[in-house]
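Engineer: No sequence on hand, only this structure:
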DNA sequence: TCGCAGGCGGAAAGCGCTTTCCACCCCCAC
DNA sequence: GTGGGGGTGGAAAGCGCTTTCCGCCTGCGA
């Protein structure tokens, strides 16, 4: 039985060399046994000695050294706007599950919708020789995007995105457009004609698409920009109703803002859905617990994250588009347009 | 001006050597210029040539190689139960902010409260030579904890935890006990005597502490174990009231379960707070939007995450304890105990 | 019995970077 | 004018691992 403390390197870490010595084999053999899969076979007896020694010494391979030698690392990056936003948390969770199946670790970074930050993280990920990066909601809509991504791809990493699909990039495309249209059809079907829309940050592809779907059915809704946060939704609702008291329905482009809108309506004493209907988008867990329970569009976020990660790790990269369905979930916050207002 | 494509390595990545060559200096000089801080000075003119060449070639240092040479990496790990749980998402977000200030990347992993998974990730983080790891809600309450952590620390990494403080580990200690007591005092102050508690997963330190705080004021409450999820809270509330219809208040040990409990009460037609009061714990964003708005205990989660990360990166490690306050937030879900039930 | 092929262990050459150590050059002092 | 010292650039030795290539040994066939 090898000594434990005396064989430890000063840094405290056990090296392959130490394992090899303890097992009485060469470095190369030890490497072959522990990494195994590389074509070559090692005699049973030796392999066992190595495995035993490794376990005994609690050997853990030095990942940076492996990355260097193999010139590929075992980490993937996930870039989100803000992990504290449940929308992205759900996506990240889905992606992390798949990454684990592939024995990869996940670096998560908040870009806060800041192109500079995103560029910076992309460079850092490139520095880490991250095997891949998932852009879950990129700040880039147009071309600058392509350039940064190209640099990453050129150094051997794979790139996939959710939503805003750039040129030739594997993308999971949630049906934002379809979702917007479903809401519009639903509201129109209930007799609503005067509808206000609380939109998200300008320049976000998600926003543009949801809105486009909506306006494909309802022309010229009252628009007000907000920032995808609950508070933003609340003040926007106040303002929207101040300007257009005739509205019989509000469509908030995400659930967080819808929650804020409901709060605003409560403050104004407007009953939902009797006096005014409210719809959201995303079907976050919170949607069920709002009062009234929120009519919204369900995106299977965890699944979307998982698919994106699979796009990143399986198959041949290059411009694949995976659609993800949007589904209307009718709850209690929408009802027939009231004739009086 | 150096050629761009012809100097690129086959892998697509630019190496320091290429930058050095392009700038007409040695590898060593290039390294000194780009890493700079290492004591030695380089003549102005050369430094500029190197910087220019690096920019020109879009050079990004190979992080694994740096980690290997310096024997320290630039990543830190954050282990959470589930990033999709808003409680942990908030903590992670806080931690990530601080990590960014220190130019570190954050590896996030879901342990799902599984000790084996946690052990596994700890080993992987050790393999990455992660500079530090934050255990935000560990699965380990007792001793096995110490052993795994010791292995990590022995190989040069720092460890900090949130909540369950192990021997000699830097820890941010949210005042779970105090929070539990605040709820108890609040409910008792409102005249409640028959109180049910929906607890979390057995063996979680958080659960034990919140409960201990509560029972330090209220002896022998009706207990029912659940799993910290909304659905768990809902079924638990149903069961609790089935068994003990005389309850005038329910304390759910986290907000998610409180949301479930409110749903259950709605299903049962029990009015909150007129007929029965409900309190939660955590003050998640959703608390405000529940109906009625939830009385709960506020933990400053992002701040807790940030402090923990600072503990990890600043100062001398070893057994520091940073308390984080718990604050009662009284909203509408709690009221005077009804005399009739 | 000898030759050759196949199998398997080991030596060694990197992977890209940091950092020590050496050598050189310039300048100052004697 | 020459010797020595400080400062600055470069060569080279690793960091821990993978992987090619080499050589040995074994076993089989003739």
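Structural biologist: It's in. Just so it is clear, the structure is predicted and the values come from calculations on it, not from any experiment.
Engineer: Now for residue A:335, how many residues are close by?
Structural biologist: Number of residues near residue A:335 (other Cβ atoms under 10 Å in any protein chain shown) recorded here: 21. Placement of C-beta: from N, CA and C, glycine included.
Engineer: That one: what's it in contact with?
Structural biologist: By Cβ atoms under 8 Å, 6 or more residues apart in numbering or on different chains, the residues touching residue A:335 are A:190, A:273-274, A:277.
Engineer: Report how many residues lie close to residue A:135.
Structural biologist: Around residue A:135 there are 29 residues (other Cβ under 10 Å).
Engineer: buried stuff in the helix or strand it falls within?
Structural biologist: For residue A:135, the host element (DSSP states H and E) is strand A:132-136. By neighbour count on 16 or more other Cβ atoms under 10 Å in any protein chain shown, the buried set for strand A:132-136 is A:132-136.
Engineer: got it, and stretch A:115-126?
Structural biologist: A:115, A:117-119, A:121-122, A:124-126.
Engineer: is it up against chain B anywhere?
Structural biologist: Yes. Legend: contact between stretch A:115-126 and chain B by Cβ under 8 Å from any Cβ of the partner chain is shown at A:123-126.
Engineer: if we take those residues, which one ends up nearest to residue B:111?
Structural biologist: Using Cβ to Cβ, residue A:125 comes nearest to residue B:111 of the residues of stretch A:115-126 next to chain B, at 23.6 Å.
Engineer: can the buried residues of strand A:132-136 go into a markdown table with extra columns for pLDDT and distance to residue B:321?
Structural biologist: Formatted as a markdown table, the buried residues of strand A:132-136 follow (pLDDT from 0 to 100; distance: Cβ to Cβ, whole Å):
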| residue | pLDDT | distance to residue B:321 |
| --- | --- | --- |
| A:132 | 95 | 40 |
| A:133 | 94 | 38 |
| A:134 | 95 | 37 |
| A:135 | 93 | 40 |
| A:136 | 91 | 36 |
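Engineer: thinking again about what came up before, between which two of the contacts of residue A:335 is the distance greatest?
Structural biologist: The widest separation within the contacts of residue A:335 (Cβ to Cβ) is 12.3 Å, between A:190 and A:274.
Engineer: What about the buried residues of stretch A:115-126, which are in helices?
Structural biologist: Judged by DSSP state H, these include A:115, A:117-119, A:121-122, A:124-126 as members of helices.
Engineer: out of those, which touch DNA strand D?
Structural biologist: Among these, not one lies near DNA strand D by Cβ under 7 Å from any atom of the strand.
Engineer: a strand runs through residue A:50, doesn't it?
Structural biologist: No. Residue state for residue A:50 (DSSP: H, G, I helix; E, B strand; the rest coil) corresponds to helix; a strand is not indicated.
Engineer: so it touches residue A:18, yeah?
Structural biologist: No. Look at residue A:50 against residue A:18 with Cβ atoms under 8 Å: they stay out of range, at 11.6 Å.
Engineer: neighbour-wise, which of these two wins?
Structural biologist: Higher neighbour count among residue A:50 and residue A:18: residue A:50, with 25 against 20, using other Cβ under 10 Å.
Engineer: any idea how far that one lies from DNA strand D?
Structural biologist: Residue A:50 is 11 Å from DNA strand D, where distance means Cβ to the nearest atom of the strand, to the nearest Å.
Engineer: Equivalent analysis for residue A:17, please.
Structural biologist: Relative to DNA strand D, residue A:17 is positioned 6 Å away (criterion: Cβ to the nearest atom of the strand).
Engineer: Equivalent analysis for residue A:133, please.
Structural biologist: Counting by Cβ to the nearest atom of the strand - residue A:133 and DNA strand D are separated by 23 Å.
Engineer: what residues are up against residue A:175?
Structural biologist: Residues near residue A:175 by Cβ under 8 Å, 6+ apart: A:323-326.
Engineer: actually residue A:248, sorry about that
Structural biologist: Contacts of residue A:248 (Cβ under 8 Å, 6+ apart): A:192-195, A:275-277, A:337-338, A:341.
Engineer: can you list the residues of stretch A:115-126 next to chain B in a markdown table and add pLDDT?
Structural biologist: Shown next, in a markdown table, are the residues of stretch A:115-126 next to chain B (pLDDT from 0 to 100):
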| residue | pLDDT |
| --- | --- |
| A:123 | 90 |
| A:124 | 93 |
| A:125 | 94 |
| A:126 | 91 |
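Engineer: Output the residues you listed in JSON lines; the columns should cover distance to residue A:201.
Structural biologist: Below are these laid out as JSON lines (distance: Cβ to Cβ, whole Å):
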{"residue": "A:123", "distance to residue A:201": "24"}
{"residue": "A:124", "distance to residue A:201": "24"}
{"residue": "A:125", "distance to residue A:201": "24"}
{"residue": "A:126", "distance to residue A:201": "27"}
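Engineer: Could you export those residues to CSV, including columns for distance to DNA strand C?
Structural biologist: Output for the residues of stretch A:115-126 next to chain B, formatted as CSV (distance: Cβ to the nearest atom of the strand, whole Å):
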residue, distance to DNA strand C
A:123, 13
A:124, 14
A:125, 15
A:126, 11
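Engineer: can you map out the helices along chain A?
Structural biologist: Secondary structure of chain A (DSSP H): helices at A:16-23, A:27-35, A:44-57, A:63-70, A:86-101, A:115-127, A:143-154, A:176-189, A:205-215, A:230-243, A:255-268, A:286-289, A:301-313.
Engineer: weakest of those in terms of mean pLDDT?
Structural biologist: Comparing mean pLDDT over those, the weakest stretch is helix A:143-154, at a mean of 73.
Engineer: State the number of residues packed around the residue in the stretch 151-300 of chain A that DNA strand D sits nearest to.
Structural biologist: Closest approach between the stretch 151-300 of chain A and DNA strand D, counting by Cβ to the nearest atom of the strand: residue A:156, at 14.2 Å. If you count neighbours by other Cβ under 10 Å, residue A:156 ends up with 16.
Engineer: How about the one 3 residues further on?
Structural biologist: The burial count assigned to residue A:159 is 24, neighbours taken as other Cβ under 10 Å.
Engineer: try residue A:205
Structural biologist: Residue A:205: 17 neighbours (other Cβ under 10 Å).
Engineer: Not counting sequence-adjacent ones, nearest residue to it?
Structural biologist: residue A:164 (3.8 Å; Cβ to Cβ, 6 or more residues apart in numbering or on different chains).
Engineer: what about the one you found, neighbour count?
Structural biologist: A total of 22 residues lie near residue A:164 under the criterion other Cβ under 10 Å.
Engineer: And it, how close does it get to residue A:224?
Structural biologist: Per Cβ to Cβ, to the nearest Å, residue A:164 is found 23 Å from residue A:224.
Engineer: And for residue A:98?
Structural biologist: Taking Cβ to Cβ, one finds residue A:98 at 38 Å from residue A:224.
Engineer: distance of residue A:299 from residue A:118?
Structural biologist: Applying Cβ to Cβ to residue A:299 and residue A:118 gives a distance of 22 Å.
Engineer: same check, this time on residue A:324
Structural biologist: Counting by Cβ to Cβ - residue A:324 and residue A:118 are separated by 22 Å.
Engineer: just residue A:179 next, same as before
Structural biologist: Distance from residue A:179 to residue A:118, counting by Cβ to Cβ: 25 Å.
Engineer: Next: residue A:226.
Structural biologist: Residue A:226 is 22 Å from residue A:118, by Cβ to Cβ.
Engineer: thinking again about what came up before, want to try JSON lines for the buried residues of stretch A:115-126, with distance to residue B:264 as columns?
Structural biologist: Converted to JSON lines, the buried residues of stretch A:115-126 look like this (distance: Cβ to Cβ, whole Å):
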{"residue": "A:115", "distance to residue B:264": "46"}
{"residue": "A:117", "distance to residue B:264": "43"}
{"residue": "A:118", "distance to residue B:264": "43"}
{"residue": "A:119", "distance to residue B:264": "48"}
{"residue": "A:121", "distance to residue B:264": "43"}
{"residue": "A:122", "distance to residue B:264": "46"}
{"residue": "A:124", "distance to residue B:264": "46"}
{"residue": "A:125", "distance to residue B:264": "45"}
{"residue": "A:126", "distance to residue B:264": "50"}
